[in-house]
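In: okay, predicted coordinates and the sequence, questions at the end:
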Amino acid sequence: MKTTLITGINGQDGSYLAEYLLSLGYTVIGLLRRSSSPNLKRIGKVIDKITLEYGDLLDEVSLQRIFKKYPIDEVYNLAAQSFVGLSWEQPIYTSDVNAMGTLKLLEVIRTTSPKTKFYQASTSEMFGMVQEVPQNENTPFYPRSPYGVSKLYAHWMSVNYRESYNIFACSGILFNHESPRRGNEFVTKKIINAIKKNEILRLGNIYSKRDWGYAQEYVEVMYKMLQQNTPEDFVIATGETHTIKEFVETAFAFTGEEIHFEGKDLDEKGYTKSGRLVLEIDQQFYRPAEVNLLVGDASKAKRLLNWEPKVKFNELIEIMMKSDE
Ligand code: NAP
Ligand code: G4F
């Protein structure tokens, strides 16, 4: 039976990955940050089947302690300050956690457990101002946020530790993936929450485009990457792209209330025919630099990992609208 360490186990992806690896018979250790008011709702289903260890990516000693305590076969490094918007408010903290935190973990692996396989949660944000469409593993990077830059550092460090020390390190360059467990500040969950609660939606740029997949499916491919004979990096995406505006319209369609941004059903101020204000554009949610278009080409993952996403845009929204989670 294999033992895995998941950093960020209490996050969206960490919780799904823990469930998936448990179903495969893994012993699952989760790295948990101390909080004065812990919220372990996402891992509620598996809390009795996993072992939680307090620690922090910023605290190398806590990582060393865990590696001393358990024989860890695979590490999935999902912990991060993952909110792009906040990364302009806290660029140093974001870099400390995402960039230096990953390096600290790699150093602990190199010095104490070099046979441990390592998965790095890389991101399509590294493509930023995209240099080609669609983006694949060979597309040049051009990050547009402190978050994107911090993740690019971690990405290249993973490549470097693979090439320098023969560490089995794989980066999954995952495009946006959502679920009912998505954090409330991300645009998809914010839209779904507002619609369900009948609240006014206040959004920034509704014309940027994202390639949205389903988180529960995406964590399975993280596992697949670490089962290869040789470590490599993979783009994971649906290959479809949609604007935020389309997301709002499609989600609203589930309420039976038809809205249009242009035309008479929803005027420029956001009023529907019935007069209810549903959407307001709010400058505070615009970013200093935007990633306008992301759409991934996951054909390498299909070819080598036999992986393809099943859930696409409409079904993803349906899952999020119908869930009670
Ligand atoms: P998430 O829900 O924000 O989860 C991040 C987790 O990291 C949280 O559990 C958080 O702990 C933990 N964490 C933050 N700082 C930490 C630190 N210093 N030490 C230890 N743990 C820390 O993110 P996600 O959506 O699951 O994403 C997982 C990973 O994939 C992240 O690295 C993200 O950047 C990356 N990624 C995500 C997407 C996406 O679309 N979801 C796409 C590409 C890449 P708390 O629970 O205590 O807050
Ligand atoms: O939902 P978002 O905050 O996700 P973003 O910035 O694409 O980042 C997510 O995906 C990345 C993968 O590409 C991950 F690496 C990262 O960790 C995270 O999971 O914003 C999506 C788009 C942006 O263009 C943003 O400007 O929605 C736009 N947007 C418009 N109004 C808004 C809002 N985003 C948020 N969060 N809140 C708004 O009110």
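Out: Good, I have the coordinates. Ligands and ions are numbered 1, 2, ... in the order given.
In: C-alpha from now on. contacts and neighbour counts both.
Out: OK.
In: tell me which other helices or strands the lowest-mean-pLDDT helix or strand in the chain touches.
Out: Every helix and strand in the chain was compared by mean pLDDT, DSSP states H and E; the lowest is strand 279-281, with a mean of 87. Here strand 279-281 touches strand 201-203, going by 3 or more CA pairs under 8 Å, 6 or more residues apart in numbering; DSSP states H and E.
In: helices or strands up against the following helix or strand past the strand it packs on?
Out: The first helix or strand that comes after strand 201-203 along the chain, using DSSP states H and E, is strand 209-210. If contacts are counted by 3+ CA pairs under 8 Å, 6+ apart, strand 209-210 sits against strand 242-243.
In: the strand it packs on packs against which elements?
Out: Strand 242-243 sits against strand 209-210, with contacts defined as 3+ CA pairs under 8 Å, 6+ apart.
In: starting at the chain centroid, how far to the strand it packs on?
Out: Here strand 209-210 is found 14 Å from its chain centre; the criterion is CA atoms, centre = their mean, to the nearest Å.
In: sorry, back to before: the least confident helix or strand of the chain pairs with which strands, and in what direction?
Out: strand 201-203 (parallel) (DSSP bridges).
In: can you tell me if the strand it pairs with touches ligand 2.
Out: Yes: using CA under 6 Å from any ligand atom, strand 201-203 reaches ligand 2 at residue 203.
In: list the buried ones in that strand?
Out: By 16 or more other CA atoms under 10 Å, the buried positions in strand 201-203 come out as 201-203.
In: not counting its own residues, what contacts that strand?
Out: The list of residues contacting strand 201-203 from outside it, by CA atoms under 8 Å, 6 or more residues apart in numbering, reads 190-191, 194-195, 278-282, 285.
In: how about a cut-off of 7 Å?
Out: With contacts defined as CA atoms under 7 Å, 6 or more residues apart in numbering, strand 201-203 is touched by 191, 194, 278-282, 285.
In: burial count for the residue nearest to residue 113 when sequence neighbours are not counted?
Out: Nearest residue to residue 113, sequence neighbours excluded (CA to CA, 6 or more residues apart in numbering): residue 67, at 7.5 Å. Around residue 67 there are 17 other residues, counting by other CA atoms under 10 Å.
In: do the same with the one 10 residues further on
Out: By the measure other CA under 10 Å, the count of residues near residue 77 is 25.
In: quickly list what it is bridged to.
Out: residue 7, residue 120.
In: return the residues in contact with it.
Out: Counted by CA under 7 Å, 6+ apart, residue 77 has contacts 6-7, 119-121.
In: tell me the one of those residues nearest ligand 1?
Out: residue 121 (4.6 Å; CA to the nearest ligand atom).
In: pretty sure that closest one is touching residue 170, no?
Out: No: between residue 121 and residue 170 there is no contact under CA atoms under 7 Å: 8.9 Å.
In: ok, those two, which is more surrounded?
Out: The neighbour count for residue 121 versus residue 170, taken as other CA under 10 Å, is higher for residue 170 (26 against 22).
In: so the more buried one, which state does it fall into?
Out: strand (DSSP: H, G, I helix; E, B strand; the rest coil).
In: I'd like the distance between it and residue 291.
Out: Relative to residue 291, residue 170 is positioned 25 Å away (criterion: CA to CA, to the nearest Å).
In: ok, and what's touching stretch 127-147?
Out: 84, 87-88, 91, 94, 125-126, 149, 234-235, 289-291, 295-298.
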